[in-house]
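In: Sequence plus predicted model, see below.
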Amino acid sequence: MFPDETAARMNESASTTPIADAVAPPRARRGVPLYTKIFLGLLVGTALGLLANLLLGPTHPAVQWTIANVTRPVGQLFLRLLLMAVIPLVFSALVVGVAEVGDIRRVGRVGLKTFVYTLGISAISVAIGIGLANTVRPGERIDRATAAALQAEFGQQARQVAQAKIETEGKSVLTQVVETLVPVNPVAAVASETPNLLHLMFFALALGVAATLVRADVVAPLLRVLTALYETTAKFIGLVMRVAPYAVACLLFSTTAGFGLDLLRALGWYVLTVLTGLALHMFGVYSLAVALLARYSPLEFFRRLKTVIVTAFSTSSSNATLPTALEVTERNLGVPREITSFVLTVGATANQNGTALFEGVTVLFLAQLAGVDLTLGQQILVAYLAILGGIGTAGIPSGSLPFVAAVLASVGVNPALIAIILGIDRILDMCRTTLNVVGDVTAAAYVARSEGYALRRGPEASDALL
């Protein structure tokens, strides 16, 4: 089914999965995982901040001095280093990801079905996330005084949104669409402190599609450069994440010392909203997809994926779970290797439904916290960017955080607000990665069934890997 050139590309793509090892957040020298240290930083920063808030009060000179001269500078340094890597990471990942997905042109029906399925399921996941965020409105479940203070501190960029609305007055709808999507100068689009992420992503998409139409030997140097840029940028983020435990402690101290318990209650509603959306998509949308498209029992489907689910949840990495997913999908579900090698390999980068849902909820939550009222058009823009983010987001732990920060800036919300969720992101990352990987397997099952292959329904194969 695969031409030699396509098979070579896919084998090369599969061989690059050690990227996950190269860019995954480093572990502490004494065996303590980084996410454990970040969680400890969350606890320490929150506890000290709450003590300062309750015992001294947010206006006490000592608290104000500590925030202004210690915790806020350290936190801002961490955030600025993280944001510095957004443009090269998103651009290189999206071009390379689309170039790989572009191979669907050569594998015919399999690639087309994979692309359509991925696009449709990702759109549903984002719709669920944004719908829940608008229904629950976790960012507004705080008192008015705290909301006003947050708006004063983090909502300054809302004026840029208002200015953007003024600039579109008097133009036709089609003209606005063209100007919103297509950049005149892609370099100028990102040459400011608030880059136009939509323009950058359109240019990256166009370049990635064009790369699929060029001979492999001609385009290979470009893809190698962009892959090297991606790996290097991701490695840089991994190095920056070494200071995350201390930065998170400082950021959480600054936030909780100023806003107290009320903000923590809002975070609880945010976590509940994200987990509810992930559960609805996992057991609702995926079950329907498996039953209606793959003609397979959802209960049997999830039971046969025990190893894949546990691996994804524990590693928080789609790339690291790929070998397990390939093996279990072929042996336990009976999906042929020519299907799994394409669908699952591409899906590890381009089919991240859980990440798309998380990004939609997070952007709306932080906008609500900042008092920025996103219009319907801006929410559609968030959905569009989140769907594209499913292609461009790195399949590594916390790989979506730089992208979320960039989307926040695109809709006029201060990206520094992402500091609020850094400490609790690990558990959400584990859950959304599980959704991402299971989504890849549902796509493989659907494609195999539609191509006439019979999925395994007899005695279950051993779940242990060979």
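Out: Cool, got the structure.

In: hey, let's count contacts and neighbours off CA atoms from now on
Out: Will do.

In: what about the longest helix anywhere in the chain, distance to the chain center?
Out: Counting by DSSP state H, the longest helix found in the chain is helix 109-136. Put simply, helix 109-136 sits 14 Å off its chain's centre (Cα atoms, centre = their mean, to the nearest Å).

In: which residues of the stretch 51-200 of the chain score low on pLDDT?
Out: The model of the stretch 51-200 of the chain has pLDDT under 70 over residues 83, 86, 94, 97-98, 100-109, 143-177, 179-181, 192-198.

In: quick one, helices of it?
Out: For the stretch 51-200 of the chain, the helices defined by DSSP state H, counting those that start in this stretch cover 61-66, 72-84, 86-101, 104-107, 109-136, 144-154, 158-167, 173-181, 186-189, 197-212.

In: what's the helix or strand for Leu455?
Out: Using DSSP states H and E, Leu455 sits within no helix or strand.

In: Look at it and say how many residues are nearby.
Out: Using other Cα atoms under 10 Å, Leu455 is surrounded by 20 other residues.

In: wait, it sits on Ala444?
Out: No - here Leu455 lies out of contact with Ala444, judged by Cα atoms under 8 Å, at a distance of 10.6 Å.

In: quick one: buried residues of the longest helix of the chain?
Out: The neighbour-count check on helix 109-136 (16 or more other Cα atoms under 10 Å) flags 110-115, 117-119, 121-130, 132-133, 136 as buried.

In: elements contacting that helix?
Out: For helix 109-136, the elements it packs on are helix 104-107, helix 261-280, helix 337-350, helix 353-370, helix 376-392, helix 425-450, judged by 3 or more Cα pairs under 8 Å, 6 or more residues apart in numbering; DSSP states H and E.

In: TSV for those, including distance to Val310?
Out: Putting the helices and strands packed on helix 109-136 into TSV (distance: least, Cα to Cα, whole Å) gives the following:
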stretch	distance to Val310
helix 104-107	30
helix 261-280	16
helix 337-350	16
helix 353-370	16
helix 376-392	22
helix 425-450	8
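
In: Run through the stretch 301-450 of the chain and note the low-pLDDT ranges.
Out: Applying pLDDT under 70 to the stretch 301-450 of the chain flags residues 314-317, 319-320, 323, 345-346, 348-350, 389-401, 422-423, 426.

In: hmm, back to that, pull up the overlap in contacts between Leu455 and Ala444.
Out: Val335 (Cα atoms under 8 Å, 6 or more residues apart in numbering).

In: what's the angle from the longest helix of the chain to helix 425-450?
Out: Per axes from the mean of the first three to the mean of the last three Cα atoms, to 10 degrees, the angle that helix 109-136 makes with helix 425-450 is 140 degrees.

In: got the angle for helix 109-136 vs helix 376-392?
Out: If you take the same axes, to 10 degrees, helix 109-136 sits at 140 degrees to helix 376-392.

In: And the helices and strands packed on helix 109-136: which comes nearest Glu300?
Out: Ranking the helices and strands packed on helix 109-136 by proximity to Glu300 (Cα to Cα) places helix 425-450 first, at 12.5 Å.

In: Tell me how far the closest one lies from the chain's centre.
Out: Helix 425-450 sits 13 Å away from the centroid of its parent chain (Cα atoms, centre = their mean).

In: Name the residues of it that come out as buried.
Out: Going by neighbour count (16+ other Cα under 10 Å), the buried part of helix 425-450 is 425-450.

In: name the helices or strands packed onto it?
Out: The elements that helix 425-450 packs onto, with contact taken as 3+ Cα pairs under 8 Å, 6+ apart, are helix 109-136, helix 261-280, helix 286-292, helix 306-315, helix 318-333, helix 337-350, helix 353-370.

In: what's next to the second one, contact-wise?
Out: Applying Cα under 8 Å, 6+ apart, the set of residues contacting helix 261-280 from outside is 50, 125, 128-129, 132-133, 136, 138-143, 146, 256, 354, 357-358, 361-362, 365, 421, 428, 431-432, 435.

In: can you put the helices and strands packed on helix 425-450 in CSV and add distance to Val243?
Out: Formatted as CSV, the helices and strands packed on helix 425-450 follow (distance: least, Cα to Cα, whole Å):
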stretch, distance to Val243
helix 109-136, 31
helix 261-280, 23
helix 286-292, 38
helix 306-315, 20
helix 318-333, 23
helix 337-350, 27
helix 353-370, 23
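
In: Just say which of the ones you listed is most tucked in.
Out: Stretch with highest mean neighbour count among the helices and strands packed on helix 425-450: helix 353-370 (a mean of 28; mean count of other Cα atoms under 10 Å).

In: What is that helix packed up against?
Out: Applying 3+ Cα pairs under 8 Å, 6+ apart, we find helix 353-370 packed against helix 109-136, helix 144-154, helix 261-280, helix 376-392, helix 401-410, helix 425-450.

In: With only the CA atoms kept, save that helix in CSV.
Out: In CSV, the C-alpha atoms belonging to helix 353-370 read as follows (Å, rounded to 0.1, in the frame of the first residue of the first chain):
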residue,chain,number,x,y,z
ASN,A,353,-7.6,15.9,20.8
GLY,A,354,-7.0,16.2,24.5
THR,A,355,-4.4,19.0,24.0
ALA,A,356,-6.9,20.9,21.8
LEU,A,357,-9.6,20.6,24.4
PHE,A,358,-7.3,21.7,27.2
GLU,A,359,-6.0,24.7,25.2
GLY,A,360,-9.6,25.9,24.5
VAL,A,361,-10.7,25.7,28.2
THR,A,362,-7.4,27.2,29.4
VAL,A,363,-7.5,30.2,27.2
LEU,A,364,-11.2,31.0,28.1
PHE,A,365,-10.5,30.4,31.8
LEU,A,366,-7.6,32.8,31.9
ALA,A,367,-9.4,35.4,29.8
GLN,A,368,-12.3,35.2,32.3
LEU,A,369,-9.8,35.6,35.2
ALA,A,370,-8.3,38.7,33.5
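
In: Return the distance of that helix from the chain's centre.
Out: Going by Cα atoms, centre = their mean, where helix 353-370 is centred and where its chain is centred differ by 10 Å.

In: That helix relative to helix 261-280, how many degrees between them?
Out: 150 degrees.

In: State the pLDDT value of His281.
Out: As predicted, His281 sits at a pLDDT of 94.

In: how about it, what does it touch?
Out: 125, 128, 435.

In: okay, those residues in TSV with distance to Leu305 next?
Out: Listed next are the contacts of His281 as TSV, based on distance: Cα to Cα, whole Å:
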residue	distance to Leu305
Ser125	21
Ile128	24
Leu435	12
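
In: coming back round to it: who wins for proximity to Gly412 among the helices and strands packed on helix 425-450?
Out: Evaluated over these, closeness to Gly412 peaks at helix 353-370, with 8.5 Å, by Cα to Cα.
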